[in-house]
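J.: coordinates only, sequence not included:
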């Protein structure tokens with residue numbers, strides 16, 4: 001007779017966080033949507049928040065990252081096809097992104113607050129899955145550049161704006177929608193694109209034949225890419241529109257060498273390619289490729305900030321949810337004072353990043369409305385690269401802390417935090433790593449001092465009687481007034497100070513007073529720590545617990 005064995009019951013395990021509304025449970029995002037003139041989009045955000053919280057959509061995200069894209073170089077008969085095969089879950093996610101028009105909303109539906117509305121939607125989608133955002137962001141960023149090419153844009157505008165996903169690998173004329181990728185970096189240069197060696201030979205008019213390679217070509221399944229190359233051996237780089245198919249319907253001579261085996265962002269295909277006489281058309285003036293791409297990079301950098309802020313939000317929500325359900329040492333984790341302090345500190349960081357991302361979006365709204373005052377330009381030219389530096393790095397540290405809240409369960413791939421942790425570094429690296437961003441901040445301040453002054457004036461009006469803010473602002477002024485030879489070595493400190501002052505000012509203006517006070521005291525009064533969970537003595541645990549209810553009303 002076989003004895004029935006039962007060694008234990010499964011208890012004290014946290015239920016998966018599914019079937020909740022990402023938007024309805026986020027008080028800070030709701031407030032920011034109203035503040036930055038995007039209230040007209042709130043109903044749609046509620047709908048998106050509910051859909052993205054469903055178990056089915058969360059499963060798509062997990063599946064798309066487990067079943068990674070595969071490169072099919074040849075067909076069964078030996079013909080070169082360079083086809084990238086994606087799991088259906090990937091295409092389902094792309095359908096949601098296109099349905100929300102995250103690749104075109106501000107231009108497809110121009111109105112007050114359109115960029116803030118798009119930012120809020122992107123923030124929600126980025127909490128679910130990040131890899132599918134890459135081609136969406138690149139398509140979004142390409143529209144301001146391509147709209148200035150009168151010979152091309154009218155022929156592709158409807159495909160760029162269309163709210164559907166068309167996964168078919170066909171010539172553009174046969175497709176309903178399109179995606180645009182980027183091919184900038186090469187083996188020898190990385191961020192230093194001026195070292196690129198790809199050349200473009202004129203074929204007549206604006207048509208060229210490209211020969212060379214790209215070390216990162218994302219994403220290879222896109223219907224076209226914007227590529228940097230040297231036109232006719234010029235020392236200056238030009239920008240080219242390189243379609244996946246030539247106008248006669250033949251596959252363009254862009255050969256995929258391999259897909260990148262990446263730490264994270266695994267649902268997305270990044271590749272190395274060679275151009276073997278690839279067809280391309282000039283975008284912008286010859287020799288003006290760098291300024292053309294810088295315009296595009298401004299938009300992609302915004303998405304890096306939004307995406308990292310969204311990762312913070314994901315981690316904080318998962319950590320709070322876990323702590324509310326998990327018991328240790330005789331009490332729920334969330335009711336234990338030290339855990340409360342850690343979670344409250346994480347929630348502070350997340351809310352500050354949310355408000356910063358939405359304020360940056362407002363500056364883009366101003367530019368689209370031809371209301372580009374020096375202050376708004378300062379947010380885009382100075383605060384944006386500083387924010388990309390700081391927020392993207394803080395997301396990585398925060399992801400690790402949230403994983404630790406879960407303990408061993410957070411470290412395994414069957415939960416959401418391992419994927420979040422692997423995903424977190426990408427935004428800090430892509431479109432200019434930390435040093436590049438900090439040096440951009442210095443260049444912007446040096447080139448446009450009147451723009452910088454407009455932002456300092458704005459900040460000065462909000463510092464008020466807050467001694468820590470006054471001291472931090474004075475320190476920043478001192479660094480910038482010092483010998484310019486010292487600026488580069490202080491570039492990271494300068495960028496960090498700019499972001500912390502901006503976040504503090506935004507929280508003082510828009511967030512509950514005690515929360516804003518907590519941020520100022522912990523970040524700028526040297527009462528906080530170098531790790532999350534070291535908070536000023538003046539912040540009572542009861543106050544911190546109230547922040548958790550605000551952070552996640554789930």
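T.: Good, I have the coordinates. The structure displayed is predicted, hence computed values, not measured ones.

J.: Look up which residues are beta-bridged to residue 230.
T.: Listed beta-bridge partners, residue 230: residue 199, residue 237 (assigned using DSSP bridges).

J.: does it really touch residue 202, like I thought?
T.: No. Counting by C-beta atoms under 8 Å, residue 230 does not reach residue 202; the two are 11.8 Å apart. Where you see a C-beta, it was placed from the backbone N, CA and C, and this is true even at glycine.

J.: okay, now residue 72: neighbour count?
T.: Residue 72 sits with 11 neighbouring residues when counted by other C-beta atoms under 10 Å.

J.: From what I see, it and residue 79 are in contact.
T.: No. Counting by C-beta under 8 Å, residue 72 stays clear of residue 79, with 10.9 Å between them.

J.: sorry, back to before: residue 230 and residue 202: which is more packed in?
T.: Residue environment comparison for residue 230 versus residue 202 gives the larger neighbour count to residue 230, 19 against 13, counting by other C-beta under 10 Å.

J.: Do a quick rundown of the helices in the stretch 401-550 of the chain.
T.: In the stretch 401-550 of the chain, helices defined by DSSP state H, counting those that start in this stretch lie at 408-411, 416-423, 426-429, 434-447, 449-463, 467-481, 491-510, 513-523, 541-551, listed in chain order.

J.: Need those in CSV (columns: mean neighbour count, distance to residue 401 and mean pLDDT).
T.: Formatted as CSV, these follow (neighbours: other C-beta atoms under 10 Å; distance: least, C-beta to C-beta, whole Å; pLDDT from 0 to 100):
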stretch, mean neighbour count, distance to residue 401, mean pLDDT
helix 408-411, 15, 10, 96
helix 416-423, 22, 10, 97
helix 426-429, 22, 16, 96
helix 434-447, 19, 20, 97
helix 449-463, 16, 29, 95
helix 467-481, 15, 24, 96
helix 491-510, 22, 18, 98
helix 513-523, 21, 14, 95
helix 541-551, 17, 14, 94
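
J.: roughly how far apart are residue 213 and residue 194?
T.: In this structure, residue 213 and residue 194 are 16 Å apart, going by C-beta to C-beta, to the nearest Å.

J.: I meant residue 222, not that one.
T.: Spatial separation of residue 222 from residue 194 under the definition C-beta to C-beta is 24 Å.

J.: the more surrounded of these two?
T.: residue 222 (25 against 12).

J.: helix, strand or coil for that one?
T.: Assigned state for residue 222: coil (three-state reduction, DSSP: H, G, I helix; E, B strand; the rest coil).

J.: Could I get the contacting residues of it?
T.: When the contact criterion is C-beta atoms under 8 Å, 6 or more residues apart in numbering, the partners of residue 222 are 135, 138-139, 178-181, 244.

J.: which residues of the protein fall in strands?
T.: In chain order, the chain shows strands spanning 70-74, 80-85, 180-183, 199-204, 207-218, 224-231, 237-243, 254-259, 270-283, 327-328, 331-332, with DSSP state E as the criterion.

J.: Could you export those strands as JSON lines, including mean pLDDT and distance to residue 491?
T.: As requested, the strands of the chain are exported to JSON lines (pLDDT from 0 to 100; distance: least, C-beta to C-beta, whole Å):
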{"stretch": "strand 70-74", "mean pLDDT": "97", "distance to residue 491": "39"}
{"stretch": "strand 80-85", "mean pLDDT": "96", "distance to residue 491": "38"}
{"stretch": "strand 180-183", "mean pLDDT": "96", "distance to residue 491": "26"}
{"stretch": "strand 199-204", "mean pLDDT": "96", "distance to residue 491": "34"}
{"stretch": "strand 207-218", "mean pLDDT": "96", "distance to residue 491": "25"}
{"stretch": "strand 224-231", "mean pLDDT": "97", "distance to residue 491": "25"}
{"stretch": "strand 237-243", "mean pLDDT": "97", "distance to residue 491": "25"}
{"stretch": "strand 254-259", "mean pLDDT": "98", "distance to residue 491": "34"}
{"stretch": "strand 270-283", "mean pLDDT": "98", "distance to residue 491": "28"}
{"stretch": "strand 327-328", "mean pLDDT": "96", "distance to residue 491": "43"}
{"stretch": "strand 331-332", "mean pLDDT": "97", "distance to residue 491": "44"}
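
J.: Nearest to residue 168 among the ones you listed would be which one?
T.: Each of the strands of the chain was scored for nearness to residue 168 using C-beta to C-beta, and the closest is strand 80-85 (11.1 Å).

J.: Would you mind giving the orientation angle of that closest one with respect to strand 270-283?
T.: Orientation note: strand 80-85 sits at an angle of 110 degrees relative to strand 270-283 (axes from the mean of the first three to the mean of the last three C-alpha atoms, to 10 degrees).

J.: shouldn't residue 45 be in contact with residue 124?
T.: Yes. Counting by C-beta under 8 Å, residue 124 is a contact partner of residue 45 at 6.8 Å.

J.: how far away is the residue positioned nearest the centre of the chain from residue 105?
T.: The geometric centre of the chain, computed from its C-alpha atoms, lies nearest to residue 304 (C-alpha atoms, centre = their mean), at 2.5 Å. The span separating residue 304 from residue 105 equals 18 Å under the rule C-beta to C-beta.

J.: and of the helices of the stretch 401-550 of the chain, who's closest to residue 299?
T.: Each of the helices of the stretch 401-550 of the chain has some distance to residue 299 by C-beta to C-beta; the shortest is helix 426-429, at 13.8 Å.

J.: Buried residues in the biggest helix by length in the chain, which are they?
T.: Longest helix in the chain by number of residues (criterion: DSSP state H): helix 289-325. Neighbour-count burial for helix 289-325, counted by 16 or more other C-beta atoms under 10 Å, picks out 289-290, 292-293, 296-324.

J.: Also stretch 357-365?
T.: By neighbour count, and taking 16+ other C-beta under 10 Å as the criterion, the buried residues in stretch 357-365 are 357-365.

J.: nearest to residue 531, of these?
T.: Using C-beta to C-beta, residue 357 is the member of these that sits closest to residue 531, with 23.8 Å.

J.: So the closest one is in contact with residue 126, correct?
T.: No. At 10.2 Å, residue 357 does not count as touching residue 126 under the criterion of C-beta under 8 Å.

J.: Quick check: neighbours shared by the two?
T.: Contact with both residue 357 and residue 126 is made by residues residue 306, according to C-beta under 8 Å, 6+ apart.

J.: any common contacting residues for residue 45 and residue 124?
T.: When contacts are counted by C-beta under 8 Å, 6+ apart, the set common to residue 45 and residue 124 consists of residue 23.

J.: how about the helices of the stretch 401-550 of the chain in a markdown table, adding distance to residue 388?
T.: What follows is those, written out as a markdown table (distance: least, C-beta to C-beta, whole Å):
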| stretch | distance to residue 388 |
| --- | --- |
| helix 408-411 | 27 |
| helix 416-423 | 16 |
| helix 426-429 | 7 |
| helix 434-447 | 5 |
| helix 449-463 | 16 |
| helix 467-481 | 18 |
| helix 491-510 | 9 |
| helix 513-523 | 18 |
| helix 541-551 | 23 |
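
J.: which one of these lies closest to residue 331?
T.: Relative to residue 331, the nearest member of the helices of the stretch 401-550 of the chain by C-beta to C-beta is helix 541-551, separated by 13.3 Å.

J.: Quick check: which helices or strands does the closest one pack against?
T.: Here helix 541-551 touches helix 27-35, helix 289-325, helix 337-368, helix 513-523, going by 3 or more C-beta pairs under 8 Å, 6 or more residues apart in numbering; DSSP states H and E.

J.: Which residues does stretch 248-257 contact?
T.: Among residues not part of stretch 248-257, those counted as contacts by C-beta under 8 Å, 6+ apart are 71, 73, 80-82, 84, 171, 173, 213, 217, 220, 225, 242-246, 271-279.

J.: Can you say which of these are buried?
T.: The neighbour-count criterion (16+ other C-beta under 10 Å) marks 71, 82, 84, 171, 213, 217, 220, 225, 242-245, 271-275, 278-279 among these as buried.

J.: which residue packs closest to residue 392, ignoring adjacent ones?
T.: Beyond its immediate neighbours in the sequence, the residue positioned closest to residue 392 (C-beta to C-beta, 6 or more residues apart in numbering) is residue 428, lying 3.8 Å away.
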